[in-house]
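[1] Starting from these lines, generate the structure:
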Amino acid sequence: MEATTTAPRAEVLRDRYRRRLPERLQELAGPVEGTVDLPLHIAWSGRTSYSLDRPKSRMTLYRTVLAEGLREDVAAFLHHRLLAEQWPVLRRLVSPYIREVWEDAFPELPRAAPADSTAA
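    Numbering: from 1, shown residues only. Coordinates of the predicted model:
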């Protein structure tokens, strides 16, 4: 019985996140610096203001928008370059449904952090 209820729920979640995807990553034209204040329909509980200049704050903002934002929110609050830079870590912080949908749609998102070029 568990398998019958889990599969449809998983597909519903995948569909929900697919509908929020931009056509291309370049459509993500959000800010790259400063402070972002999220509307209540995204950050409905707790923190609503995030500093893009602080890595942990930026990561929390991206995680929140990916999970709770609508399609227009994703485009307005996320930036394609910052998303790609953070993706190797961010992909472990979001739900598996979000990760699957984004990685299926955008194979250019890096799955691992680049090797440290300063290490010799």
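[2] Settle this for me: L25 is touching L83, isn't it.
    Yes. Under the criterion of Cβ atoms under 8 Å, L25 lies in contact with L83, with a separation of 7.0 Å. In this view, the C-beta of every residue, glycine as well, is placed from N, C-alpha and C.
[3] Mind telling me which residue is nearest the centre of the chain?
    In the chain, the C-alpha closest to the average C-alpha coordinate belongs to L66, at a distance of 3.6 Å (Cα atoms, centre = their mean).
[4] quick one: that residue from P8, how far?
    L66 sits 22 Å away from P8 when distances are taken as Cβ to Cβ, to the nearest Å.
[5] before we move on, what about V94?
    Taken as Cβ to Cβ, the span from V94 to P8 is 21 Å.
[6] quick one, which of the two is more surrounded?
    A direct count of neighbours by other Cβ atoms under 10 Å for V94 and P8 places V94 higher, at 19 against 9.
[7] contacting residues around the more buried one?
    By Cβ atoms under 8 Å, 6 or more residues apart in numbering, the residues touching V94 are 63, 66-67.
[8] Go through these and flag which are in helices.
    Within the contacts of V94, residues falling in helices by DSSP state H are 63, 66-67.
[9] got TSV for those, with distance to R14 and pLDDT too?
    Supplementary listing: those in TSV, determined by distance: Cβ to Cβ, whole Å; pLDDT from 0 to 100:
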residue	distance to R14	pLDDT
R63	18	97
L66	14	97
A67	14	95
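[10] Please identify which of the residues you listed is nearest to R47.
    Out of the ones in helices among the contacts of V94, the one with the shortest distance to R47 is R63. That distance is 11.5 Å, counting by Cβ to Cβ.
[11] what's the closest non-adjacent residue to the closest one?
    For R63, the nearest residue in space outside its immediate sequence neighbours is L93; the separation is 5.2 Å by Cβ to Cβ, 6 or more residues apart in numbering.
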